[in-house]
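My questions concern the predicted model and sequence given below.
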Amino acid sequence: MVDDDGVVPVYFLSDSTGISAETMGNALLMQFPDTVFERTTIPFITTVEAAQDVVRQLDEAMDGPVTPLAFTTAAEDHIRLTLRETRAPLIDFFDMHMERVESILDRRGVRLPSRLHGVHDVKRYNTRMAAVEFTIEHDDGQSVRALDRADVILLAPSRCGKTPTSMYLALQHGLFVANYPLVEEDLTASELPAPVRDHLDRCFGITTTAERLSRVRNERRAGSTYASAGQCRWELRRAQQLFSEFGVPVIDSATKSVEEMAALVLQTLKRNGGVPSRERSKARHSPTGRHTDD
């Protein structure tokens, strides 16, 4: 039973990072917007002893006023079987789907943790780490060097959500992302900023509402012209005019999560032929960063 006024304890359990358990569990919890959840993630449950400790924690929660809820994606059988000993309700995503996949493929999976977010696929892991390094270097216009290597260039006035979107695309999808702030000099010009002008096919604009932008900026510089509603409205209006004039796809960060924004970027890239291009891939693996067939 769940008390209408009670906070529901939720546990995400994993023998790896816990990211999958959080993602799938939260996708379900979002369907209950009027319920308050207290979330706890317990990753790297790699021994029976650690699993037994988790069972004790869940059983203690069962003795509380509100029934807890636990989601697990533990892959190893001995960990999963131990977690099942809890008295708490346990939703086992791995068990729910793995047997069906094995049945369809007519073979047994290896049932090992860390396959999704670990380093077993060394090439994919190295690509993601290289993407993160590139994205950090090219955050907020800090560097305009080697923009020809970027898969995505995000354009927006300050504090519209460029950085978190950039980092998510780099870490989760291995994309090389640069983000470039549109300052007053750019917004009063009739052209896109010179550093990004030749890379229009990879540009995406980010916008938001003036009210939200003003609120976010006031957290950094309270009472400043930079944070005023009038300044925010003017910057967003001019940015939108530039995006429209040059055909830059626009994503509204006021109505979408970082994950949704990233999905829209990926969808647009796929529709336009996908990334990275063969030329940019060659450039990445060249010691000089230049095209290897030049």
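Structure received.

where along the chain do the strands fall?
8-13, 37-42, 69-72, 90-92, 152-156, 177-181, 203-207, 250-252 (DSSP state E).

Find the nearest non-adjacent residue to T35, please.
Sequence neighbours aside, V8 is the residue nearest to T35 in space, at 6.0 Å (criterion: Cβ to Cβ, 6 or more residues apart in numbering). C-beta: built from backbone N, CA, C; applies to glycine.

M96 versus the one you found, what's the distance?
21 Å (Cβ to Cβ, to the nearest Å).

Then S158?
Going from S158 to M96 by Cβ to Cβ gives 45 Å.

These two: which is more packed in?
Shown here are S158 and M96; by other Cβ atoms under 10 Å, S158 has more neighbours (17 against 10).

Hmm, P181 and the more buried one touching each other?
Yes - judged on Cβ atoms under 8 Å, S158 makes contact with P181 at a distance of 5.2 Å.

In this structure, what helix or strand scores lowest on average pLDDT?
Across the helices and strands of the chain, mean pLDDT, DSSP states H and E gives its lowest value to helix 278-285, namely a mean of 45.

what about the closest residue to D95 other than its chain neighbours, neighbour count?
Of all residues not flanking D95 in the chain, R80 sits nearest, at 6.5 Å (Cβ to Cβ, 6+ apart). By the criterion of other Cβ under 10 Å, R80 has 22 neighbours.

Could I get the pLDDT score of R80?
You'll see R80 listed with a pLDDT of 92.

Nearest the geometric middle of the chain, what residue?
Nearest to the mean C-alpha position of the chain, by Cα atoms, centre = their mean, lies Y168 at 3.7 Å.

any weak-confidence spans in the stretch 101-250 of the chain?
112-121 (pLDDT under 70).

Helices of that one, start to end?
Along the stretch 101-250 of the chain, counting by DSSP state H, counting those that start in this stretch, helices occupy 122-137, 162-173, 184-187, 194-197, 210-220, 229-246.

deepest of those helices, which one?
Most buried of those, by mean neighbour count (mean count of other Cβ atoms under 10 Å): helix 162-173, with a mean of 21.

That helix to strand 152-156, inter-axis angle?
Put simply, helix 162-173 runs at 160 degrees to strand 152-156, going by axes from the mean of the first three to the mean of the last three Cα atoms, to 10 degrees.

what packs against helix 162-173?
Judged by 3 or more Cβ pairs under 8 Å, 6 or more residues apart in numbering; DSSP states H and E, helix 162-173 is in contact with helix 122-137, strand 152-156, strand 177-181, helix 258-271.

Looking at these, spot the one closest to R145.
helix 122-137 (7.9 Å; Cβ to Cβ).

Can you name every helix or strand that that closest one contacts?
Packing contacts for helix 122-137, counted by 3+ Cβ pairs under 8 Å, 6+ apart, involve helix 162-173, strand 177-181.

give me that answer again for 7 Å
Judged by 3 or more Cβ pairs under 7 Å, 6 or more residues apart in numbering; DSSP states H and E, the packing partners of helix 122-137 are helix 162-173.

thinking again about what came up before, hang on, isn't the residue nearest to the centre of the chain packed against V258?
Yes - counting by Cβ atoms under 7 Å, Y168 touches V258, with 4.9 Å between them.
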